[in-house]
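Participant: the sequence isn't on hand, but the structure is:
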């Protein structure tokens, strides 16, 4: 266990493939577009008729907030150099 960080560290920094990155961002956007209506309809089915719009808007708002948080901090943590386990906030 003590040697795990040393084994996890790669001596040569890996090259980021732009095609792979573009596909991951595209697939993330597609999943987000599927998740918003799915979550909204799921939670709307659990409340009374008068509260449906509020739950749909809550689902939409939280997806918007998560998207902004990813743009602000998540991208930098995922795609910057740092420790072998987690990036840093240099691109934030």
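Facilitator: The structure has been received and is ready for your questions. All values derive from a computational prediction rather than experimental measurement.

Participant: now do the helices in the chain.
Facilitator: In the chain, the segments counted as helices under DSSP state H are 4-8, 18-44, 52-69, 75-79.

Participant: find the centremost residue of this protein, please.
Facilitator: Centroid-nearest residue in the chain: residue 70, 5.6 Å away (criterion: CA atoms, centre = their mean).

Participant: please report the distance of it from residue 44.
Facilitator: Distance of residue 70 to residue 44, computed by CB to CB, to the nearest Å: 25 Å. No exception for glycine: its C-beta is placed from N, CA and C like everyone else's.

Participant: residue contacts, the residue lying closest to residue 43 once chain neighbours are set aside?
Facilitator: Among residues not flanking residue 43 along the chain, residue 55 sits closest, at 4.4 Å (CB to CB, 6 or more residues apart in numbering). Contacts for residue 55 were tallied using CB atoms under 8 Å, 6 or more residues apart in numbering; they are 40, 43, 44, 46, 47.

Participant: what number of residues lie near residue 20?
Facilitator: 9 (other CB atoms under 10 Å).

Participant: from residue 51, how far out is it?
Facilitator: Distance from residue 20 to residue 51, by CB to CB: 42 Å.

Participant: cool, residue 81 as well?
Facilitator: The value you get for residue 81 to residue 51, if CB to CB is used, is 47 Å.

Participant: so these two - more neighbours on which side?
Facilitator: residue 51 (13 against 10).

Participant: gap between the residue nearest to residue 43 and residue 73?
Facilitator: 27 Å.

Participant: over to residue 61?
Facilitator: Note on residue 61: its distance to residue 73, by CB to CB, is 19 Å.

Participant: please apply the same query to residue 81.
Facilitator: For residue 81 relative to residue 73 (CB to CB), the value is 16 Å.
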